[in-house]
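Engineer: Next come a sequence and a model predicted from it.
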Amino acid sequence: EAMRCAKKGDRRGEGVAYSELGVAYKDLGQFDRALKSHKKHLAIALELGDRYEEGAAVCNLGYVYVGLGQFEQALKCFEKQLAITLELGNRFVEGVAYCNLGTAYFSLGQLDQAVKYHKKHLAIALELGDSRGEGGAYGNLGTAYFRLGQLDQAVKYHKKDLAIAPELGDRRGEGIAYG
């Protein structure tokens with residue numbers, strides 16, 4: 001797809017194709033190839049001055065760095081994603097960026113920071129009526145509070161997650177919440 005777009009001169013389409021290729025490589029566990037594809041997407045976004053695609057590219061790079069266990073690098077990507085998202089004013093993607101930051105901080109063992117960002121994600125999900133985001137935020141908060149040893153808080157948030165998962169038909173999420 002990327003080559004077809006390049007031949008037609010569609011640089012944005014080429015960038016998006018590299019993004020999709022990178023996601024597929026990440027899902028296959030081919031992280032080096034995923035990094036190369038997302039870096040090509042980022043380069044094209046920068047060339048075009050397309051801030052939305054730049055944000056998507058740095059977000060996807062962050063996901064690859066998480067997969068590689070390079071959490072500091074992922075954190076930098078997610079911070080950049082948040083800055084771009086705040087500039088563009090997309091509340092939904094802002095919530096995703098806060099979730100990503102919370103996950104990165106959790107992985108680094110900085111649990112108070114993780115809670116802070118997951119609460120920001122939750123607030124946006126509630127504001128937007130995003131049940132899936134709300135359930136995810138509850139689950140992430142429950143897990144962070146569990147790791148902090150605040151078991152009453154952990155149970156409270158996991159119960160909220162458990163109440164939402166069946167409404168969404170999310171059997172996997174339901175199983176995780178029970179766990």
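Structural biologist: Arrived safely.
Engineer: Which helix or which strand is home to the residue nearest the centre of the chain?
Structural biologist: Closest residue to the average C-alpha location of the chain: Asn100 at 4.2 Å, with Cα atoms, centre = their mean. Secondary structure assigned from DSSP states H and E places Asn100 in helix 91-107.
Engineer: Against Leu75, how distant is the closest residue to Glu53 other than its chain neighbours?
Structural biologist: Of all residues not flanking Glu53 in the chain, Ala45 sits nearest, at 3.7 Å (Cβ to Cβ, 6 or more residues apart in numbering). (C-beta placed from N, C-alpha, C; glycine too.) As judged by Cβ to Cβ, to the nearest Å, Ala45 and Leu75 stand 20 Å apart.
Engineer: Between these two, which is the more surrounded one?
Structural biologist: Between Ala45 and Leu75, Ala45 has the larger neighbour count (other Cβ atoms under 10 Å), namely 25 against 22.
Engineer: Now do the contacts for the closest residue to Val66 other than its chain neighbours.
Structural biologist: Leaving aside its sequence neighbours, Val66 sits nearest to Ala74 (Cβ to Cβ, 6+ apart; 4.7 Å). Going by Cβ atoms under 8 Å, 6 or more residues apart in numbering, Ala74 touches 62-63, 65-66, 100, 104, 107.
Engineer: Quickly note the distance from Ala74 to Tyr98.
Structural biologist: 14 Å.
Engineer: can you check Arg12 too?
Structural biologist: In terms of Cβ to Cβ, Arg12 sits 27 Å off from Tyr98.
Engineer: Looking at these two, which is more packed in?
Structural biologist: Tyr98 (26 against 15).
Engineer: list the contacts for the more buried one?
Structural biologist: 82, 117-118, 120-121, 124.
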